[in-house]
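K.L.:
Quick one: sequence and predicted model below, then my questions.
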Amino acid sequence: MKGTDLGAGMRAAVERYGATPLVFHGPRGVTTTRLDALHERALRVAAGLAGLGVAPGDVVALQLTGRVESAVAHAAVLLRGATVLPIVPIYGLRELGFVLGESAATVLITWDERAAEVRGMGAGLPALRRVVAVGDETWKALEEHPPLAAHAPSDPDDICLLVYTSGTTADPKGVQHTHRSLLAELATMPDHGDGYVYLDAFPPGHVAGLCVLLRALVNGVATVFMEKWDARTALDLVHEHGVTASAGVPFHLAALLDAADGDGRGAGPLREYLVGAASVPPVLVERAGRAGIAAYRAYGSSEHPTISSGGADDPPGKRAATDGRLKPGTRVRIVDLDGRDVPAGKEGEIWSRGPEVFAGYRDPALNAEAFTPDGWLRTGDVGRLDGDGHLTVTDRLKDIIVRGGEKISSKEVEDLLAAHPAVAEAVAVAEPDGRYGERVCAFAVLRDGAELDLDEVREHFASLGAARQKTPERLVVVDTLPRTAAGKVRKHVLRKEIREWTS
């Protein structure tokens, strides 16, 4: 990998790894291409974006599924020197409108139905100059341009990625990364050599999915991309393409193991699996080991993509019970509520810093809470470091629900549910779930004489344009909520009740 920006890194990768195969599997069929061919398409689209008036530094939003055009569009934006804004496909118009508005995106590339919906939003998005729909004439016109000539290199500290993540606030937070921070992330990933083939289960819009794509574009990693997750299909792809490594949340790994057990083929050439983005039960790592897969845990966030990671060669006990060692250049502090360091082996909040840490939020008012005055990132997660330098994440301070790796703001769920005319007060908390790790459980106090059931709640959330994963999957109607003397709802009491129900 060469260069100080991602565009230079991609151009160097084509010279060295141009023949690397890339496979895109989806409902419309399979597209097989090479890195150099994809790069050529991306240069044409980059020129097309320039023709639309996209200048270096402008924000270009992409709400796409994991088809080949998504990879081309990501590469094109970066080759143009613009800032890529990937948006998860499950975001509804409510979330999408907020993201497009706060980011001041000038162009949106999406699918045709969504393009029509966004065009209908009109004056509500004054910065948005053009909406491009993949598959229609607006996209074809971009690809008809001659390839973009090389432009002046970007400054390593220029913002090149803007990704939105839901946390403890109602609205998503715009996380900004630079060429320097993303190249540092890619530099920590080892060169696995010939025969290494990766299966990508993460959809675009997540930092994890973006990093997988960049590994292919900059590090030349042979990759099979799945547009839509299905465990049996994933297993077929593993055997068909000789996949040796993959990653996902516990749901992905468990489903893949179920599929491998179900048809008797086993895991084939799959030998390692990074599992994270949610609480990982040690029994899952152990089960993978029995299937011949060295599964290991990792820990990171949109703000600091990889803080720690295990490895296929780590002892089984460390892979099952810890989140691995710190990545090169990363440092952490484990601190108490007063910000004082605690001894090794003791739990406290995890503070991190290193070359991969983001450059700050799109809304700078959020930075004061995220960083200490001397530059440490407050992760909001709780963990401990053992004597061997392995980090274990044990809990979190942030009031979020992590469903299948997706971070859901409980406050946003509460606000949406409280908008129902039958609801006087709403509280959302995490309910343990064997498949997704956690799911949304809502407690509601109803207005006098009102009634409400879960089907009505689903219809209500859909009518507001909320993403499906934010819709409560359990509704508990109560007369009162437990409170502190100051009147705050005691959520830990509700979580305890839920654990008793599910134990």
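P.N.:
Ah, there it is.
K.L.:
gap between the worst-scoring helix or strand of the chain on mean pLDDT and the chain center?
P.N.:
Sorting the helices and strands of the chain by mean pLDDT, DSSP states H and E puts strand 406-409 at the bottom, at a mean of 79. The chain centre lies 10 Å from the centre of strand 406-409; the measure is Cα atoms, centre = their mean, to the nearest Å.
K.L.:
Look at Leu213 and report its pLDDT.
P.N.:
If you check Leu213, the pLDDT there is 96.
K.L.:
Check this structure and tell me which residue is nearest its centre.
P.N.:
In the chain, the residue lying closest to the centroid (Cα atoms, centre = their mean) is His206, at 2.5 Å.
K.L.:
Return the distance of Gly262 relative to Ala295.
P.N.:
Distance, Gly262 to Ala295, by Cβ to Cβ, to the nearest Å: 19 Å. To be clear about C-beta, it is placed using only N, CA and C from the backbone, and glycine gets the same treatment.
K.L.:
which one of these two has more residues nearby?
P.N.:
Ala295 (26 against 11; other Cβ atoms under 10 Å).
K.L.:
what helix or strand is that one on?
P.N.:
Assigned by DSSP states H and E, Ala295 falls within strand 294-299.
K.L.:
Downstream of that strand, the next helix or strand is which one?
P.N.:
Per DSSP H and E, strand 294-299 leads on to strand 308-309 as the next helix or strand towards the C-terminus.
K.L.:
Show me what that following strand packs onto, helices and strands only.
P.N.:
strand 294-299, strand 325-326 (3 or more Cβ pairs under 8 Å, 6 or more residues apart in numbering; DSSP states H and E).
K.L.:
what are the ranges of the strands in the stretch 251-400 of the chain?
P.N.:
Ranges of strands in the stretch 251-400 of the chain, per DSSP state E, counting those that start in this stretch, are 272-275, 294-299, 308-309, 325-326, 331-335, 348-353, 360-361, 377-385, 391-396, 400-403.
K.L.:
do the same with the stretch 51-200 of the chain
P.N.:
Counting by DSSP E, counting those that start in this stretch, the stretch 51-200 of the chain has strands at residues 59-63, 83-86, 107-110, 130-133, 159-165, 173-178, 197-200.
K.L.:
Make a markdown table out of those strands and add distance to Ala267, mean neighbour count and mean pLDDT.
P.N.:
Converted to a markdown table, the strands of the stretch 51-200 of the chain look like this (distance: least, Cβ to Cβ, whole Å; neighbours: other Cβ atoms under 10 Å; pLDDT from 0 to 100):
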| stretch | distance to Ala267 | mean neighbour count | mean pLDDT |
| --- | --- | --- | --- |
| strand 59-63 | 33 | 25 | 98 |
| strand 83-86 | 30 | 24 | 98 |
| strand 107-110 | 35 | 25 | 98 |
| strand 130-133 | 39 | 19 | 96 |
| strand 159-165 | 31 | 24 | 94 |
| strand 173-178 | 33 | 22 | 96 |
| strand 197-200 | 11 | 24 | 96 |
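K.L.:
closest one to Thr372 among those strands?
P.N.:
strand 173-178 (17.7 Å; Cβ to Cβ).
K.L.:
Please identify the pairing partners of the closest one and their relative orientation?
P.N.:
Partners of strand 173-178 in the sheet, by DSSP bridges, are strand 159-165 (antiparallel), strand 360-361 (antiparallel).
K.L.:
can you list those strands in TSV and add distance to Leu274?
P.N.:
As requested, the strands paired with strand 173-178 are exported to TSV (distance: least, Cβ to Cβ, whole Å):
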stretch	distance to Leu274
strand 159-165	19
strand 360-361	27
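K.L.:
still on that earlier bit, let me know which of the strands of the stretch 251-400 of the chain is tucked in deepest.
P.N.:
strand 294-299 (a mean of 25; mean count of other Cβ atoms under 10 Å).
K.L.:
I'd like to know which elements it is packed against.
P.N.:
Using 3+ Cβ pairs under 8 Å, 6+ apart, strand 294-299 is in contact with strand 272-275, helix 282-290, strand 308-309, helix 316-321.
K.L.:
What pairs with it, parallel or antiparallel?
P.N.:
Sheet pairing for strand 294-299, using DSSP bridges, gives strand 272-275 (parallel), strand 308-309 (antiparallel).
K.L.:
and the longest one, how far out from the chain's middle?
P.N.:
Mean-position distance between strand 272-275 and its chain equals 16 Å (Cα atoms, centre = their mean).
K.L.:
neighbouring contacts of that strand?
P.N.:
244-250, 252-253, 284-285, 288, 293-298, 309-310, 312 (Cβ atoms under 8 Å, 6 or more residues apart in numbering).
K.L.:
again with the last one
P.N.:
For strand 308-309, the surrounding residues in contact (Cβ under 8 Å, 6+ apart) are 274, 296-300, 323-327, 330, 332, 390-391.
K.L.:
Identify the farthest-apart pair in these.
P.N.:
Spanning the widest gap among the contacts of strand 308-309 are Leu274 and Val332, at 19.1 Å by Cβ to Cβ.
K.L.:
on that earlier part again, between the strand holding Ala295 and helix 282-290, how big is the angle?
P.N.:
150 degrees (axes from the mean of the first three to the mean of the last three Cα atoms, to 10 degrees).
K.L.:
residues making contact with strand 294-299?
P.N.:
247, 253, 271-276, 280, 284-285, 288-289, 306-314, 319-320, 322-324, 381, 383, 391, 393.
K.L.:
and if you look at stretch 174-181?
P.N.:
Residues from elsewhere that reach stretch 174-181 (Cβ under 8 Å, 6+ apart): 4-6, 99, 102-103, 154-165, 207, 302-303, 355-363.
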